[in-house]
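J.: Test case, fold it:
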Amino acid sequence: MSDISLAAFLAVHSQTILVELVEVRGSTPREAGTFMLVAKNAIWGTIGGGQFEYMAIDNARAMLAGGGEAVMTIPLGPEIGQCCGGRTRLSFAIVTPAVADTLERRLQDDDDSRPSVFLFGSGHVGLALARALAPLPFAVTVIETRAEALEGLPSEAARRLTAMPEACVADIPPGGAAIILTHDHALDFLIAQQALARSDLAYVGMIGSATKRATFAHWLDRQPGEDAEEMMARLVLPVGGSAVRDKRPAVIAALIAAELLHKLAAMPRERLSERQILAD
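T.: Coordinates of the predicted model:
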């Protein structure tokens, strides 16, 4: 949302206006509940950009100067140089300590509700994937057996050093994802077996080829008590799909990130009454 935290922004800018998108109709750049902060010479966040954001910023700064409007209804059409076609209603209010506390709680709630993604392995692709996921709405944990492989990870990613990565599968919250990218095929198979034994994970993926998939299926079929056919049906291998034939780590990471967004982040929008900060 921004390069600095909300608290850091407010510490520097004591006079700030909260701009919240409280109602949307039709096609709009962002959903209801989206907000930004506007100070005299700085902004934090975005409500979607374009001319209607500029209008909102101008109104917020007019409020800081003693004028402005508490509510604006803006159609996103040719009259303001936008072509979304929808309609938005914005609320504006001075950020008081109480409003700041509400915003902090809301951001914390958003963080707590992020789907968990466990990356098993931080080689070239694992590192690229951790970096690709850093700005996305996921809680990322990287599992490694090698201490040096945990260096260079983005600060957003939690990290674990363990001799038994497969044991960490049990720690993935329900609805989360396991992505298996280690340097050892045998270890990949152990982790995948543990992950596929759980029916409550939204995504289990493994890096590799069609040959690796066939090898793992054969190995899994020989494990006692496992329904290999059912488990293989839930395994994404290769991760990232096969439509783009580019094996550079950054490209593979981008493709996996897209898969995760499709599988994990397509959650129903909360009702406006549950998200709204400002009163109508």
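
J.: Name the residues of the host helix or strand of His218 that are buried.
T.: Using DSSP states H and E, the secondary-structure element containing His218 is helix 210-221. By neighbour count with 16 or more other Cβ atoms under 10 Å, helix 210-221 contains the buried residues 212-213, 216, 219-220. Just so you know, the C-beta spots here come from the backbone N, C-alpha and C atoms, and that holds for glycine as well.

J.: I'd like the next helix or strand past that helix.
T.: Next element after helix 210-221 (DSSP H and E): helix 228-233.

J.: Only the buried residues of that next one, if you could.
T.: Buried residues in helix 228-233 (16+ other Cβ under 10 Å): 228, 231-232.

J.: Where is pLDDT lowest across those residues?
T.: Among the buried residues of helix 228-233, Ala228 carries the weakest pLDDT, at 85.

J.: For that one, give its distance to Thr162.
T.: 27 Å (Cβ to Cβ, to the nearest Å).

J.: And for Leu127?
T.: For Leu127 relative to Thr162 (Cβ to Cβ), the value is 18 Å.

J.: in this structure, which spans are helices?
T.: 6-12, 50-64, 97-112, 124-133, 185-196, 210-221, 228-233, 249-264, 272-275 (DSSP state H).

J.: Out of those, which is closest to Glu156?
T.: Distance to Glu156, taken as Cβ to Cβ, is lowest for helix 124-133 among the helices of the chain, at 8.0 Å.

J.: what angle separates that closest one from helix 249-264?
T.: 60 degrees (axes from the mean of the first three to the mean of the last three Cα atoms, to 10 degrees).

J.: Between the buried residues of helix 228-233, which sits nearest Ala177?
T.: Met231 (15.8 Å).

J.: quick one on the thing from earlier: will you turn the buried residues of helix 210-221 into a markdown table that also has pLDDT and distance to Gln194?
T.: Listed next are those as a markdown table, based on pLDDT from 0 to 100; distance: Cβ to Cβ, whole Å:
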| residue | pLDDT | distance to Gln194 |
| --- | --- | --- |
| Lys212 | 92 | 18 |
| Arg213 | 92 | 18 |
| Phe216 | 92 | 13 |
| Trp219 | 92 | 14 |
| Leu220 | 88 | 12 |
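
J.: okay, among the residues you listed, which ones form the most distant pair?
T.: Lys212 and Leu220, at 12.1 Å, using Cβ to Cβ across these.

J.: contacting residues for Val244?
T.: For Val244, the contact set (Cβ atoms under 8 Å, 6 or more residues apart in numbering) comprises 251, 255.

J.: From Glu69, how far off is it?
T.: Where Glu69 is concerned, Val244 sits at a distance of 48 Å (Cβ to Cβ).

J.: And Ser116, by the same measure?
T.: For Ser116 relative to Glu69 (Cβ to Cβ), the value is 42 Å.

J.: more neighbours, the two?
T.: Taking neighbours as other Cβ atoms under 10 Å, Ser116 and Glu69 compare with Ser116 leading, 20 against 13.

J.: Does that one touch Ile172 like I think?
T.: Yes: with contact defined as Cβ atoms under 8 Å, Ser116 reaches Ile172; the gap is 5.8 Å.

J.: one step back: how about TSV for the buried residues of helix 210-221, with distance to Val95 added?
T.: Putting the buried residues of helix 210-221 into TSV (distance: Cβ to Cβ, whole Å) gives the following:
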residue	distance to Val95
Lys212	53
Arg213	53
Phe216	54
Trp219	58
Leu220	55
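
J.: domain assignment for the protein?
T.: 6-111, 116-264 (automatic domain parsing).

J.: mean pLDDT lowest for which of those domains?
T.: Checking each of these, the one with the poorest mean pLDDT is domain 6-111, at a mean of 84.

J.: what distance separates the start and the end of it?
T.: This stretch, domain 6-111, spans 13 Å end to end (Cα to Cα, to the nearest Å).

J.: and Asp246, how many neighbours?
T.: Neighbour count for Asp246, taken as other Cβ under 10 Å: 10.

J.: Likewise for Gln193?
T.: Neighbours around Gln193, by other Cβ under 10 Å: 18.

J.: quick one on the thing from earlier: who has more neighbours out of Leu127 and Thr162?
T.: Between Leu127 and Thr162, Leu127 has the larger neighbour count (other Cβ under 10 Å), namely 24 against 11.

J.: Nothing else from me, thank you.
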